[in-house]
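Asks: This is the structure alone, sequence omitted:
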């Protein structure tokens, strides 16, 4: 689909060069920039296609330096920060509620240690977590009702994949066969 607009831009630049020879330098520069952009886009597309064929997912690093993935927990679509340093999946209170999980204040207990001290939450077992066709069952997780801005996709899910690889600004999650 993207080839149509690129082709039209290149064709328009070529026609402009035929009728306005003085625009040749601008046309050449535009073509070079377009070619670099198209090449970079093709490389991203190739990497994603290869990962998909291998049963994986390619994530691009975002401006904040992190990788994010959207996965299904029960019937809810959850936006996760991929956190290779987190032992388990950690859900925000809002995301946990969206997935149909419930708890009360008496369930909250120390579940770990963070940079600023103890982390309080509710340990849970997620019956199913699905990411781009890969499904993991009975996944350890925790709900952190307050103080967490985004849910974390941790090792209780990531360790079930065949591999997690970071190259430059791309992370590949390989689900295998």
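Replies: Yep, it's here. Everything quoted here is computed from the prediction, not taken from an experiment. Residues are numbered from 1 along each chain as shown.

Asks: Please pull out the lowest mean pLDDT helix or strand from the chain.
Replies: Lowest on mean pLDDT, DSSP states H and E among the helices and strands of the chain sits helix 3-19, with a mean of 31.

Asks: Please enumerate the strands of this protein.
Replies: 56-60, 68-73, 76-82, 89-92, 109-114, 117-131, 134-144, 151-153, 163-167, 170-174 (DSSP state E).

Asks: Please name whichever of the ones you listed is nearest to residue 100.
Replies: For residue 100, the closest of the strands of the chain is strand 76-82, at 7.2 Å, according to C-beta to C-beta. C-beta coordinates here come from the backbone N, C-alpha and C atoms, glycine included.

Asks: Next, the angle strand 170-174 makes with that closest one.
Replies: For strand 76-82 against strand 170-174, the angle by axes from the mean of the first three to the mean of the last three C-alpha atoms, to 10 degrees is 120 degrees.

Asks: Against which helices or strands is strand 76-82 packed?
Replies: strand 68-73, helix 93-98, strand 151-153 (3 or more C-beta pairs under 8 Å, 6 or more residues apart in numbering; DSSP states H and E).

Asks: Nearest to residue 103, out of the strands of the chain?
Replies: The closest of these to residue 103 is strand 117-131. By C-beta to C-beta, the value is 4.5 Å.

Asks: Strand partners (parallel or antiparallel) of that closest one?
Replies: strand 68-73 (antiparallel), strand 109-114 (antiparallel), strand 134-144 (antiparallel) (DSSP bridges).

Asks: Right, I'll leave it there.
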